[in-house]
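Q: Next come a sequence and a model predicted from it.
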Amino acid sequence: MKTHESILDYNITTLSKTECISTILRWLENIEKHKYFICANPHSLELARNDSDFSAAIENADLVTPDGVGIVIASKILGGNIYDRITGSDVFIGLSNVLNKKRKYSYFFLGSTEKTLEKIKDRMKVVFPNIKIAGTYSPPFKEDFSKEDNSFMIEAINNAKPDVLWVGMTAPKQEKWIYHNKDKLNVSFIGAVGAAFDYFAGTKKRAPVWLQHLGLEWLPRLMLEPWRLWKRNFVSSPMFLGHVLIAMFKQVKSKS
């Protein structure tokens, strides 16, 4: 059974959220190493056009989920089978629900601030008490990590021996960090989940479910952080749609 489809030459999963969680669980149960997942949205695919490292990180990911209504729309335009968004928060919560029942897995949280990480640890004890917190680390807030920074993070993670590493930095920083360092990490599964750290900690609120279902989760975020998100919504999204339409015309032409 085909489990992915090509959106602008990137393999995006066609699996449901439940099937994605089952896939990750299988990796964990088989004690596979260095498996990683990322979320794709129109902005990230447009950024990857001019960032070879980011492009490679997406291409080599073991699971790429359609995070963004634009990906769902692109699939429809191209005659694909992606019907729903699957966000980093969806995967984090979904997998945690399953692993909490297993009572034998551990997490390491890399990213965000010490304050947010403390809130995550406190909430994990309440919501998912059977998942051990092997460790947390708030990396330096800088554009590029030094070799010493990376060595420290890798050593901290490996010494903690987690089953799952959650990375909550901004894209594409988190994806590129995982891509370049995954083979040095002694973990089975790594997830780039970005804003999921803040949502779970409660430092930021997700849009209401009804807005999520309408594909408008981006709207409240844009209103709250217009200086950070205007380019994503008013530059990257239209460019992405343009590239999708070009791909559609090429697709139609090749069949005629």
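A: Noted; the coordinates are in hand. Residues are numbered from 1 along each chain as shown.

Q: The spatially closest residue to Thr65 that is not a sequence neighbour: neighbour count?
A: Distances taken as CB to CB, 6 or more residues apart in numbering place Ile86 nearest to Thr65, at 3.9 Å, with adjacent residues excluded. (C-beta placed from N, C-alpha, C; glycine too.) Using other CB atoms under 10 Å, Ile86 has 27 neighbouring residues.

Q: how near is Ile86 to Asn130?
A: Computed with CB to CB, to the nearest Å, the distance linking Ile86 and Asn130 is 24 Å.

Q: now swap in Gly68 and tell me
A: Counting by CB to CB - Gly68 and Asn130 are separated by 32 Å.

Q: likewise Ser16?
A: For Ser16 relative to Asn130 (CB to CB), the value is 25 Å.

Q: Repeat that for Ser96.
A: Counting by CB to CB, the gap from Ser96 to Asn130 is 10 Å.

Q: who has more neighbours, the two?
A: The neighbour count for Ser96 versus Asn130, taken as other CB under 10 Å, is higher for Ser96 (21 against 13).

Q: Pretty sure Arg26 sits in a strand.
A: No: assignment of Arg26 by DSSP: H, G, I helix; E, B strand; the rest coil gives helix, placing it outside any strand.

Q: give me phi/psi at the residue lying closest to Gly194 once chain neighbours are set aside?
A: Spatial nearest neighbour of Gly194, chain neighbours left out: Gly88 (5.5 Å); criterion: CB to CB, 6+ apart. The phi/psi pair for Gly88 (degrees, to the nearest 10) reads phi -60, psi -40.

Q: Look up the pLDDT of Gly88 for me, please.
A: Here, the pLDDT recorded for Gly88 equals 96.

Q: in the stretch 51-200 of the chain, which spans are strands?
A: Assigned by DSSP state E, counting those that start in this stretch, the strands in the stretch 51-200 of the chain fall at 63-66, 106-111, 132-137, 164-168, 189-192.

Q: The first one - which strands sit beside it in the sheet, and in what orientation?
A: In this case it means strand 63-66. Strand 63-66 has the following sheet partners, assigned by DSSP bridges: strand 35-40 (parallel).
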